[in-house]
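>>> predicted model and sequence follow; I will ask about them next.
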Amino acid sequence: MKKIVLLLALQPAITCAQELPGVHEQQLEYQAEREEANSEDDSYWQQLHHWQKHPLNLNEADEEALLALELLTPIQVNHFLQYRNLLGPLIHIYELQAIPGWDVNTIHRLLPYVTVNDNRAGKEAFHKGEHKLLARCGLVPEQSKGYKNGAYPGSPVSMLIRYSYKYKNLLQYGLTAEKDAGEQFFRGAQRAGFDFYSLHFLARRRGFVKAWALGDYTIRLGQGLIQWQGRSTTVLFIKKQAPVLQPYNSSGEFNFYRGAAITLQKNKFELTVFGSLRKLSANGDSAITSLLNSGYHRTANEMANRHKVQLFTTGASLGHHSSKGHIAINAIYHHFSRSLQPGNEPYELFAASGHPYLNMGIDYGYTIRNLHIFGEMAADRHTHTAFLHGLLASVHAKVDVALLYRSISPRYQSVFSQALTQNTSPVNEAGWYTGISMRPIPGVQVEAYADVFTFPWLKFQTSQPANGQEYLLQVTCTPNKQAELYSRFRYQAKPLKAADTGQVIRSTENRPNKNWRMQLTYHLHRACKLRTRLETVWYGHQEQQETGFLFFQDIQYKPPFQPWRFNLRLQYMETDGYNSRIYAIENMVLYNTTIPAFFNKGFRYLVNIGYRLARKKEMMVSLAFAQTVYPSKTTIGTGNDAIESRKKSEIKLQLIISQ
């Protein structure tokens, strides 16, 4: 009777958006800008699409599964579990509005991926899951210098084939094969066909075996001070939260392990043990001067560096979990077949060198009412330390705050680590992060953060220890179900070498970078969605000042009950140079998300057409064409990738068959 009354009281409908959460698009753009690289890890997008077709059952989901959605804070997860334990399984999705700390915006983002139906697992894991085959090829029609001079002996066509089987969150296995443009195929140096092959198998919930994996997998420990593979966290969700063990089925050739791993669970204790042996590409002969993570094996030099070093990795994590929190002891050991030897630049004095590498640490998390504390303490084999401690709090029904402090020694060394730091890897940094999220009135959300940091030792492009700041303010307005408008201003002041004045040692100065963006998303009706973005950048000051501007218009048309869909983007950009570049996310075809850096003056358009060939097997074919035109250029790109033309085009064709 209680639930019937509650359901009637919460009658206002909540619609389910069909798009991927915008918070993740913003996060990927931020990460690409910070790392100046585009990640090939599409595992999260695959998972979201799987949840859209096979929603996560909230009446069965545990804490780990809820956090894996990456749409909920630890406090929200804790409140949900307490609500479910107290009042029993949910009988309708509308009940989510009654959970403390679950605002309407959070529920809107969550609804496409969850359900409350009772679909308990039986013995059908091996024959009632989803089979999926993806085949994709891409081509840049304009011939670059590398093909003309013979540096790229392979075909300019890139190819990806991926087969996967997945049953809920309990069983997953598959194969990935990939070839980049310019790499040979079944000839020359690539007699085995594709340049990269990957196999994965993972099963969960088999008695006291919580999960076990064979083949390729990723490991994520604590807050990333000693080990984290995969996507970084968002700038507003500052706590890293993901299952320790995950299968790997992306096309990136660097950031994963190859071997076996297992997670055992007994009562409140959990033990994960893993081992890996794989080869990596690297520069250097007797010693490794740098590891190569691009995955390109086209030229003679790239082939000579392919699989040049062997890496053995093993590690373990022992944790105690309760309804309020957890504490875990983690350790990881790396042994390279050759010693790492950094360069002789002053900023490389404390860079990772020698071998082997051993890191140990303790991570924790605990929830007290509306307060969640978390952190990690780590040390390397030379006892150089790294600390990260954070706090999340719901101080009011409409106000959430976040605090994070990190202190990482310049001498601290780790491999495959990734924490919430300004540096791409956790080293040589200390700082305070403070964030706040407010919902003053329905339909309005205000988010802001301030990050003040220092680098105790030199880093690339600095000549002395330095400090910096980063601030962000974003206001999001959702007046109705059809429209969303957000405006964002971000200020960064990061240390760089000052202009060359002839002095022996160039001074270091903080180079400001101011960025303002406004984006409007509007649903004309069920079939048509418009998205408009306007963005400007002001970089540097005085003689080194640059400005940038970008505008794009998206039109997405997907008529209901029709087998076809259509996407169009029209874009204009104009910047004074690379320093004032602007990143904008693009979805060429499903799972293929790119985040190019746009600079100089040019026009770009992108067309994507999808057609469903069959309903029972869900055969979807997609064709995408994009072209960028630079009116004032005669050459695009540099080196072997240089194209003698004012335009550069991209064509991608993809077929997905699932059953």
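Received the coordinates, thanks. Numbering: from 1, shown residues only.
>>> residues near A493, how many?
A493 has 16 neighbouring residues, counting by other C-beta atoms under 10 Å. To be clear about C-beta, it is placed using only N, CA and C from the backbone, and glycine gets the same treatment.
>>> looks like it contacts T508 (just checking).
No: A493 lies out of contact with T508 (C-beta atoms under 8 Å); the separation is 11.9 Å.
>>> could you list the low-pLDDT ranges of the stretch 51-200 of the chain?
Applying pLDDT under 70 to the stretch 51-200 of the chain picks out residues 118-127.
>>> show me the helices in it, by range?
Applying DSSP state H, counting those that start in this stretch to the stretch 51-200 of the chain gives helices spanning 63-68, 74-87, 104-110, 145-148.
>>> reformat those helices as a markdown table; add mean neighbour count and distance to K53.
A markdown table is the format used below for the helices of the stretch 51-200 of the chain (neighbours: other C-beta atoms under 10 Å; distance: least, C-beta to C-beta, whole Å):
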| stretch | mean neighbour count | distance to K53 |
| --- | --- | --- |
| helix 63-68 | 19 | 16 |
| helix 74-87 | 18 | 23 |
| helix 104-110 | 18 | 16 |
| helix 145-148 | 17 | 40 |
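>>> A261 is nearest to which of those helices?
Each of those was scored for nearness to A261 using C-beta to C-beta, and the closest is helix 63-68 (15.4 Å).
>>> returning to what we had before: of the helices of the stretch 51-200 of the chain, which is nearest M360?
For M360, the closest of the helices of the stretch 51-200 of the chain is helix 63-68, at 23.2 Å, according to C-beta to C-beta.
>>> who are the packing partners of the host helix or strand of K652?
Per DSSP states H and E, K652 falls inside strand 647-658. Contact here means 3 or more C-beta pairs under 8 Å, 6 or more residues apart in numbering; DSSP states H and E; on that basis strand 647-658 packs against strand 130-139, strand 586-589, strand 619-629.
>>> the very next helix or strand once past the second one: how far from the chain's middle?
Looking back up the chat, that one is strand 586-589. Where DSSP H and E defines the elements, the next helix or strand beyond strand 586-589 is strand 592-594. Between the centre of strand 592-594 and the centre of its chain there are 11 Å (C-alpha atoms, centre = their mean, to the nearest Å).
>>> likewise for stretch 319-326?
Centroid displacement of stretch 319-326 relative to its chain, using C-alpha atoms, centre = their mean, is 26 Å.
>>> buried residues in that stretch, which are they?
Going by neighbour count (16 or more other C-beta atoms under 10 Å), the buried part of stretch 319-326 is 319, 321, 325-326.
>>> looking at those, which is nearest A352?
Nearest to A352 among the buried residues of stretch 319-326 is G319, at 27.0 Å by C-beta to C-beta.
>>> what segments of the chain are helices?
2-9, 22-35, 43-53, 63-68, 74-87, 104-110, 145-148, 300-304 (DSSP state H).
>>> not counting its neighbours along the chain, what's nearest A300?
A151 (7.9 Å; C-beta to C-beta, 6 or more residues apart in numbering).
>>> what's the spacing between the one you found and T421?
37 Å (C-beta to C-beta, to the nearest Å).
>>> ok, now E509?
Counting by C-beta to C-beta, the separation of E509 from T421 is 21 Å.
>>> these two - which one has more neighbours?
Neighbours per residue (other C-beta under 10 Å) separate E509 from T421, with T421 holding more: 25 against 17.
>>> so where do the strands sit in the stretch 301-450 of the chain?
For the stretch 301-450 of the chain, applying DSSP state E, counting those that start in this stretch gives strands covering 309-321, 325-336, 357-368, 371-380, 385-396, 399-408, 429-438, 444-455.
>>> partner strands of the longest one and their direction?
In this case it means strand 309-321. Its sheet considered, strand 309-321 pairs with strand 269-283 (antiparallel), strand 325-336 (antiparallel) by DSSP bridges.
>>> now it against strand 357-368, angle please.
Strand 309-321 and strand 357-368 are oriented at 30 degrees to each other (axes from the mean of the first three to the mean of the last three C-alpha atoms, to 10 degrees).
>>> residue ranges with poor pLDDT in the stretch 451-600 of the chain?
Those would be 499-506, if you go by pLDDT under 70 across the stretch 451-600 of the chain.
>>> and the strands in it?
466-477, 483-497, 508-523, 528-539, 546-557, 564-575, 582-583, 586-589, 592-594, 597-598.
>>> now the stretch 101-250 of the chain
Using DSSP E, counting those that start in this stretch, strands in the stretch 101-250 of the chain cover 114-115, 130-139, 158-167, 171-179, 196-206, 209-219, 245-247.
>>> packing partners for the shortest one?
In other words, strand 114-115. strand 56-57.
>>> which strands and helices sit next to the strand it packs on?
Secondary-structure packing of strand 56-57 (3+ C-beta pairs under 8 Å, 6+ apart): strand 114-115.
>>> list the contacts of Q172.
Contacts for Q172 (C-beta atoms under 8 Å, 6 or more residues apart in numbering) come out as 164-166, 200-203, 247, 249.
>>> count of neighbours near E650?
For E650, using other C-beta under 10 Å, the count is 19.
>>> same check on G188?
Using other C-beta under 10 Å as the criterion, G188 is surrounded by 11 other residues.
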